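> Here is a sequence together with a model predicted from it:
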Amino acid sequence: MMRPLMAVLGAVVLATPPAVAADIDVGRQRAAQCSSCHGVNGRSPVPNYPNLAGQNALYIQYALELYREEARTGGLAGLMHVQAAPLSDEDIANLAAYFGSLD
């Protein structure tokens, strides 16, 4: 039973496109627009908005891609759709690297 699962997971990993090389410093600059909701240095002052500091960079990358594609729904997703729409793959990789680098 475990072998089919491992085969599927292996196929997913192989089908995943390589990540764009990320620049933490560029991500830090781009993150200024995120600070009103997610706080300075990724620590949200609002309980309903998640802290981004220390989140797994790959998680942030995929979440932003899903918001950009309007594939992630629920809660305040509509707000994030607007914020993520203009982001390029490079912007997303840089933001993910920056927030993932924080403690």
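Okay, I see it.
> how about the most centrally placed residue in the chain, secondary structure?
By CA atoms, centre = their mean, the chain has its centre lying nearest to Ile60, at 2.0 Å. Following DSSP: H, G, I helix; E, B strand; the rest coil, we place Ile60 in the helix state.
> try Pro50
The three-state label given to Pro50 by three-state DSSP is coil.
> So it is in contact with Gly39, correct?
No. Pro50 is not in contact with Gly39 according to CB atoms under 8 Å; the separation is 10.0 Å. In this view, the C-beta of every residue, glycine as well, is placed from N, C-alpha and C.
> Hmm, Leu76 and Asn48 touching each other?
Yes. Asn48 is in contact with Leu76 according to CB under 8 Å; the separation is 7.3 Å.
> Counting neighbours, go ahead and name the busier of these two.
Leu76 (12 against 8; other CB atoms under 10 Å).
> can you pull the contacts of the more buried one?
By CB atoms under 8 Å, 6 or more residues apart in numbering, Leu76 lies in contact with Asn48, Tyr49.
> again with the one 3 residues further on
Under the criterion of CB under 8 Å, 6+ apart, the contact list for Leu79 reads Cys37.
> Work out for me the element it sits within.
Under the criterion of DSSP states H and E, Leu79 resides in helix 77-84.
> cool, Ala63 as well?
helix 57-68.
> what does that helix contact?
19, 22, 52, 72, 77, 80-81, 83-85, 87, 89, 92-93, 95-97, 99-101.
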